[in-house]
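Q: Sequence unavailable; structure follows:
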Ligand code: HEM
């Protein structure tokens, strides 16, 4: 009878008619990781898609993984069945060893996640909240344009300062005055050390939780040294700006912010617990780290695309000039009248997606899709990059071609690049508004051209991108110059008016 029961149980786990989706060979212990390179994993996972189909089954060590390379399948599972696909796998390295505790990015699907998600939705998805950030965005655009006039070659740094300043002010009410800002320094150290400590090799601990018990001095324990450095910087990011807000609130000098609003709400309903404080610190630090590099990356891609496609840039400038005129700079209200600009923005998201593999989801229960069995507790990896380059949705996907979206002919990439379902990026609207106002303001005031070598031949920047969680263009050069004296005057006037 025991044998019968066991047989029944195993039959229940994998229904007779359903097998796992096809996938690459799996070795004992390793699963399929021996087939995964350290760099540009999205490309290998996309090759698996070509070979085995839109849904692939693999094993990462002992963890079952479902790789989704097709937008339709991602939509069917992660959107339409999002109740089952919105959990995260248990990560150890980043939340436990690097100190990103209570960060929504790693929270399992449950009460605490829902609370953080609501905070994010209220602050970054409501029209009222988003509209209230416009004045900050306008001011930072004017700072950005003035910086671009004085040091155009440092455009990459200016984009980072732009997105960092906006988020610092929204999250902590702190106004950034220059690139030597103390809080930005803290956040950058936390971000950089997380990337260094979180390389694919050290991620092993996520698959072998037992490794976290290995002492630092033991062979194989080296990852813990890097993790300890990151932990120190991440704690600084959690604590220092938070304490600044608390102190300013006490002295009555705090500007309203994401952090001060959450604290006030808690204060109003009674005592603020230590647990509340931990959650608020984590939410604030997470917004900063999730929102800065991603937005800056999309803007770097915009410049790269425009240097390589001068005729598209002049068409964009023509539309902006026609709608906005030459007497003022573009504003958020102009958006509805700028259809070509809208297509350029869609295409810059798709042409090179900032977060190629998104963040893995996890199944809560087993499921059947297309006759295949999807196990419970499987890591679900949506290959956003593969979807953005899918020839069936976007013919000639490597071309930068804004016209493909005219008359809504092709899928809006915004449905892909920000992820899926209840985990979809809560900062998508804020990022999109920042990108709109930057794209149009740059088009209205600046010319972007290729640099020339000593024999005056134009140099086309290459299409090289960094590999990693966020993938941005490798550093490249271009000429950015003011379009006219009038454009320079408008930038100066806007700077004075928004200060
Ligand atoms: C162009 C800019 C951006 C891109 C491409 C981007 C992309 C993404 C992606 C792909 C995910 C994973 C979604 C999933 O799991 O399915 C994500 C999550 C997230 N993003 Fe963004 N993002 C951007 C900007 C921002 C901004 C500005 C903020 C903050 C205001 C932000 C905050 C977050 C947070 C908190 C999460 C985790 C959500 C959760 O786990 O529930 N992002 N983002």
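A: Done, it's in. Note that the structure is a prediction, hence the values are computed from the model and not measured.

Q: can we go C-alpha only for contacts and neighbour counts from here?
A: Fine.

Q: and the chain, which of its residues are near the ligand?
A: 104-105, 286-287, 290-291, 294-295, 298, 354-355, 358-359, 417-420, 423-428, 430-431 (C-alpha under 6 Å from any ligand atom).

Q: In helices, which of those fall?
A: Secondary structure from DSSP state H places 286, 287, 290, 291, 294, 295, 298, 417, 428, 430, 431 of the residues of the chain next to the ligand in helices.

Q: mind listing what the closest residue to the ligand within the stretch 201-350 of the chain touches?
A: Across the stretch 201-350 of the chain, the shortest distance to the ligand (C-alpha to the nearest ligand atom) belongs to residue 291, at 3.3 Å. Residue 291 is in contact with 163, 164, 167, 427, 431, counting by C-alpha atoms under 8 Å, 6 or more residues apart in numbering.

Q: if we can go back for a sec, ok, of the ones in helices among the residues of the chain next to the ligand, which one's closest to residue 146?
A: residue 295 (19.4 Å; C-alpha to C-alpha).

Q: so that closest one makes contact with residue 163?
A: Yes: counting by C-alpha atoms under 8 Å, residue 295 does reach residue 163; the two are 6.5 Å apart.

Q: OK, contacts around whatever residue of the stretch 101-250 of the chain ends up closest to the ligand?
A: Proximity to the ligand, evaluated over the stretch 101-250 of the chain using C-alpha to the nearest ligand atom, is greatest for residue 105 at 3.7 Å. For residue 105, the contact set (C-alpha under 8 Å, 6+ apart) comprises residue 286.

Q: got it, and the one 5 residues further on?
A: Contacts for residue 110 were tallied using C-alpha under 8 Å, 6+ apart; there are none.

Q: Just the pLDDT at it, thanks.
A: At residue 110, the pLDDT value in this model is 96.

Q: Identify the residue nearest residue 462 in space, chain neighbours excluded?
A: Spatial nearest neighbour of residue 462, excluding adjacent residues (C-alpha to C-alpha, 6 or more residues apart in numbering): residue 476 at 7.8 Å.

Q: For the contacts of residue 291, give me TSV that also has distance to residue 278, neighbour count and pLDDT.
A: What follows is those, written out as TSV (distance: C-alpha to C-alpha, whole Å; neighbours: other C-alpha atoms under 10 Å; pLDDT from 0 to 100):
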residue	distance to residue 278	neighbour count	pLDDT
163	25	25	94
164	22	25	94
167	20	27	94
427	21	18	97
431	26	19	98
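
Q: to the chain's geometric centre, what's the distance from stretch 384-400?
A: Mean C-alpha position of stretch 384-400 versus that of the full chain (C-alpha atoms, centre = their mean, to the nearest Å) differs by 19 Å.

Q: Show me what counts as buried in that stretch.
A: With burial defined by 16 or more other C-alpha atoms under 10 Å, the residues of stretch 384-400 counted as buried are 384, 385, 386, 387, 388, 389, 390, 394, 400.

Q: Next, the contact list for the fourth one, please.
A: With contact taken as C-alpha under 8 Å, 6+ apart, residue 387 is in contact with 69, 70, 71, 416.

Q: Same question for residue 420.
A: 74, 75, 78, 79.

Q: Brilliant, that's me finished.
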